[in-house]
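Next come a sequence and a model predicted from it.
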Amino acid sequence: MTTVAFIGLGNMGLPMAKNLIAAGFTVRGHDVVDACRAVAADAGVELAGSAPEAMEGADAVITMLPKGEHVRAVYFGAAQAADGSQPSNDDGILAHATPEQMLIDSSTVDIATCQAVHDAAAAKGLHFVDAPVSGGISGAEAGSLTFMVGGADADVERARRLIEPMCGNFFATGDPTTGEAAKIVNNMMLFVAVQGLSEAATLAKKLGLDAKTFHQIASVSSGNSWALQTWYPVPGVVETAAVNNEFSASFRADLALKDIGLALAAAADHGLHLPATGLSAQRLAEAVDGGGGELDCTVVIAAVDPDAEGLPEGYVHGGARRDA
């Protein structure tokens with residue numbers, strides 16, 4: 001039986017781990033959050049006290065972490081310098097991994113962090129792929145995530161068997177870091193689409209269009225998109241939209257801001273100016289600064305229409321929450 005060490009058992013990691021368990025894998029996991037560990041134990045994950053402990057005897061290690069700084073700490077050790085220049089400490093994955101173990105990182109992080117882990121793994125003769133995902137919490141629960149996997153061809157194929165129970169689509173993207181590149185660009189497109197969707201829904205309302213009728217028209221016309229089909233920010237139109245539940249997050253605004261920031265940083269590295277992406281980032285930053293970081297990213301509709309339906313009571317885009 002294949003044993004997988006799963007590091008990061010939050011909203012995405014736990015359902016991914018559960019799908020591995022359902023496929024017959026043994027999952028030994030670790031998370032620094034007590035609540036996550038408790039829920040994971042109830043779901044059948046064998047808990048470990050640390051990442052190295054989880055790795056003992058495992059055939060593979062999968063990490064699903066929030067940010068690049070967490071990836072660096074977990075792979076290089078807690079005392080790893082921000083620029084990755086310090087050697088691995090004893091508490092890092094790279095200090096404990098063996099060439100027999102397949103290392104898979106499904107976090108969405110900056111290209112520099114991803115490259116640093118690839119380089120360090122290669123220097124130690126370890127096998128590592130970057131394999132970020134698209135599909136959100138619902139996709140993680142359904143086992144229908146899209147995986148974008150970058151690395152050496154043999155490593156990508158070796159990782160495929162481990163990834164398949166968690167995914168609906170598997171794309172080998174090419175060289176190391178190309179999985180992260182694909183994810184960063186894809187999410188950039190999504191959040192630009194969300195900004196356009198917010199503006200379109202507001203203008204349609206102002207022009208007197210029935211929301212459901214307009215949605216049906218756009219769904220079969222040139223304005224169609226995944227965001228339109230899944231996240232339309234008007235109550236009662238699309239069942240899966242966060243607006244139906246006071247913008248309870250399917251993709252948190254603060255994480256969306258992190259991801260779109262990765263795209264802007266990558267663009268700056270290549271001398272590109274992305275004005276639509278910049279506006280989307282500004283709107284997300286306003287939501288986060290106003291106390292809406294834990295709300296769904298579609299809450300940015302409040303920047304266009306402060307009177308949009310479905311907003312949490314007292315929410316003011318760009319300003320602190322206040323009691324109504």
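That came through, no problem.

Give me the distance between the residue nearest the centre of the chain and Val220.
Taking C-alpha atoms, centre = their mean as the criterion, Thr108 is the residue nearest the geometric centre of the chain, at 5.5 Å. Using C-beta to C-beta, to the nearest Å, one gets 32 Å for the distance from Thr108 to Val220. No exception for glycine: its C-beta is placed from N, CA and C like everyone else's.

And Ile184, by the same measure?
For Ile184, the distance to Val220 under the criterion C-beta to C-beta works out to 30 Å.

If you count surrounding residues, which of these two has more?
Set side by side, Ile184 and Val220 show unequal neighbour counts under other C-beta atoms under 10 Å, the larger going to Ile184 at 26 against 8.

Tell me the buried residues in the helix or strand containing that one?
With elements taken from DSSP states H and E, the one containing Ile184 is helix 178-206. Applying a neighbour-count criterion of 16 or more other C-beta atoms under 10 Å, one finds 178-184, 186-198, 200-202, 204-205 buried in helix 178-206.

Then stretch 276-294?
When burial is assessed from 16+ other C-beta under 10 Å, stretch 276-294 yields the following buried residues: 277, 280-288, 290-293.

From these, which land in helices?
Judged by DSSP state H, the subset of those located in helices is 277, 280-287.

In contact with the residue nearest to the centre of the chain, which residues?
Applying C-beta atoms under 8 Å, 6 or more residues apart in numbering to Thr108 gives the contacts 132, 180, 183-184, 187, 258-259, 262.

Distance of it relative to Val133?
When C-beta to C-beta is the yardstick, Thr108 and Val133 sit 8 Å from each other.

which residues are common contacts for the two?
The overlap between the contact sets of Thr108 and Val133 (C-beta under 8 Å, 6+ apart) consists of Lys183.

Could you pull up the residues touching Asn244?
For Asn244, the contact set (C-beta under 8 Å, 6+ apart) comprises 235-236, 310.

Just the buried ones from these?
When the contacts of Asn244 are checked for burial by 16+ other C-beta under 10 Å, the buried set is Gly310.

Closest one to Ala122 out of the contacts of Asn244, please.
Gly310 (48.6 Å; C-beta to C-beta).

need the contact list for the closest residue to that closest one other than its chain neighbours.
Distance criterion C-beta to C-beta, 6 or more residues apart in numbering; nearest residue to Gly310, sequence neighbours excluded, is Val243 at 4.0 Å. Listed by C-beta under 8 Å, 6+ apart, the contact set of Val243 reads 232-235, 296, 298, 301, 308-310.

Now with 7 Å, please.
Neighbouring residues of Val243 by C-beta atoms under 7 Å, 6 or more residues apart in numbering: 233-235, 298, 310.

Likewise for Asp305?
Contacts of Asp305 were listed using C-beta under 7 Å, 6+ apart, and they are Thr202.

change it to 10 Å
Under the criterion of C-beta atoms under 10 Å, 6 or more residues apart in numbering, the contact partners of Asp305 comprise 198-199, 201-203, 205-206, 233, 311, 317.

next structured bit after the lowest-mean-pLDDT helix or strand in the chain?
Least confident helix or strand of the chain, by mean pLDDT, DSSP states H and E, is helix 136-142 with a mean of 91. Heading C-terminal from helix 136-142, the first helix or strand you meet, by DSSP H and E, is strand 145-150.

helices or strands up against the next helix or strand after that next one?
Past strand 145-150, further along toward the C-terminus, the next helix or strand under DSSP H and E is helix 153-163. Contacts defined by 3 or more C-beta pairs under 10 Å, 6 or more residues apart in numbering; DSSP states H and E place helix 153-163 against helix 13-22, strand 60-63, strand 102-105, strand 127-130, strand 145-150, strand 167-174.

how far does the fifth one sit from the chain's center?
The reference is to strand 145-150. Centroid displacement of strand 145-150 relative to its chain, using C-alpha atoms, centre = their mean, to the nearest Å, is 11 Å.

Repeat that for the second one.
Between the mean C-alpha location of strand 60-63 and the chain-wide mean there is a distance of 16 Å, by C-alpha atoms, centre = their mean.

Alpha carbons of the following helix or strand past that strand, in CSV - could you do that?
Per DSSP H and E, the first helix or strand lying C-terminal to strand 60-63 is helix 68-76. Extracted in CSV, the C-alpha atoms of helix 68-76 (Å, rounded to 0.1, in the frame of the first residue of the first chain):
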residue,chain,number,x,y,z
GLY,A,68,5.9,31.0,-0.7
GLU,A,69,7.2,31.8,2.8
HIS,A,70,5.5,28.6,4.2
VAL,A,71,6.8,26.5,1.3
ARG,A,72,10.4,27.7,2.1
ALA,A,73,10.0,27.1,5.8
VAL,A,74,8.6,23.6,5.2
TYR,A,75,11.1,22.5,2.6
PHE,A,76,14.2,24.2,3.8
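
what comes up buried for helix 68-76?
By 16+ other C-beta under 10 Å, the buried positions in helix 68-76 come out as 68, 70-76.

continuing past it, what's the next helix or strand?
Of the helices and strands lying after helix 68-76 in sequence (DSSP H and E), the nearest is helix 93-96.

Great, nothing more from me.
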